[in-house]
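> What follows is a predicted protein model with its sequence.
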Amino acid sequence: MFHLGANRVVLPAVETQSELTAAIPVSTGIPYYKYPITIRTEFSGKVGFDLGAKADFALTDRFFIATGLQASFVRYQKSVSIENFPTAAEPNGAVINGVPGGSVIFNPVPTGNNAVKLNSGGDGKTSLWYGQIPVMAGASLFHSKLVVRAGTIFSILAYASENKTRYSLTAPYTSETYKDTDKSAYHTFQAGAALETTYFIWPWMGVDLSVNHSLTSLYDDQSKPRMSTVSLGLNYCIGK
């Protein structure tokens, strides 16, 4: 059987804790100030597609195992921001090194919601190509009108592209957006739990709905996020 469908990825936001180091005027008596910040990465899924072929191997009249080869092209927009960026500086009232006014304390805005975006425009647009091998068990229901499969999909990253911006630090201080195709930031191998259903409109044509949730993190340097993919498409069956 052959499958062609549209997909959309779902990725939860990830927050990491870090520190912002700010240079302080010498008159305050301290060389710098460290401020705790939260770096938040959000993902917005875009429409991609997947295609492939699978074969069912019957165990009984109703139950079977399935495997095959398929490709999945997924897209999403990544945005990164500092959630509690300090916007004001005020003296703490102490006197350091005989300087009235004391050390400088950075404060966020009173609402505490002063996000500063670290990327903009076309930055963060990401495209990934995966080669996949599904290993699933299935059952045929309602006189073969409905087929349900569940199992594991093993994925290997074949191609990755993310839009990034680089800046010139010399006059005329220009910037340009480029595609970073380095795959080292991602986990090359993914294993996911998958559930698929096919409803046959005709004996040779059906509608597929599938969900694949990765058990492996998307990026190589952290345990999250884990990607979920929802796919809706058509199934063409030979010899059903």
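That came through, no problem.
> Run through the residues that contact the closest residue to residue 190 other than its chain neighbours.
Counting by C-beta to C-beta, 6 or more residues apart in numbering, residue 190 lies nearest to residue 155, which is 4.0 Å off, once chain neighbours are set aside. From N, CA and C alone the C-beta is placed, and that goes for glycine too. Residue 155 makes contact with 72, 130-132, 189-192, 214, according to C-beta atoms under 8 Å, 6 or more residues apart in numbering.
> and if you look at residue 187?
Shown in contact with residue 187 (C-beta under 8 Å, 6+ apart): 157, 216-220.
> do the same with residue 168
By C-beta under 8 Å, 6+ apart, the residues touching residue 168 are 174-175.
> ok, now with 6 Å
Contacts here follow C-beta atoms under 6 Å, 6 or more residues apart in numbering; on that basis residue 168 touches residue 174.
> again, but for residue 188
Counted by C-beta under 6 Å, 6+ apart, residue 188 has contacts residue 157.
> same check, this time on residue 118
residue 80.
> mind starting the numbering at 37 from now?
Sure, I'll start counting at 37 from here, so that last one is residue 154.
> Tell me the confidence at it?
We have a pLDDT of 75 for residue 154.
> Any chance of the backbone angles for it?
Here the main-chain torsion angles of residue 154 (degrees, to the nearest 10) amount to phi -100, psi -10.
> any idea how far residue 113 is from it?
14 Å (C-beta to C-beta, to the nearest Å).
> And residue 188, by the same measure?
From residue 188 over to residue 113 the distance is 28 Å, taken as C-beta to C-beta.
> Also residue 185?
Residue 185 sits 31 Å away from residue 113, going by C-beta to C-beta.
> give me the element residue 258 is part of.
For residue 258, there is no host helix or strand (DSSP states H and E).
> Which strand residues bridge the residue nearest to it when sequence neighbours are not counted?
Of all residues not flanking residue 258 in the chain, residue 50 sits nearest, at 7.1 Å (C-beta to C-beta, 6+ apart). Judged by DSSP bridges, the bridge partners of residue 50 are residue 77.
> Greatest separation within the contacts of residue 223: which pair is it?
Within the contacts of residue 223, 193 and 253 form the most distant pair, 12.5 Å apart (C-beta to C-beta).
> Which members of the contacts of residue 191 occur in strands, if any?
Residues of those located in strands (DSSP state E): 108, 166-168, 225-228, 250.
> Of the residues you listed, just the buried ones, PyMOL syntax please.
The PyMOL command for the buried members of the ones in strands among the contacts of residue 191 (criterion: 16 or more other C-beta atoms under 10 Å) is given here:
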select buried, resi 108+166+168+226+228+250
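> Could I get the average pLDDT for the helix or strand harbouring residue 93?
For residue 93, the element it lies in under DSSP H and E is strand 68-94. Confidence over strand 68-94 (mean pLDDT, whole number) is 89.
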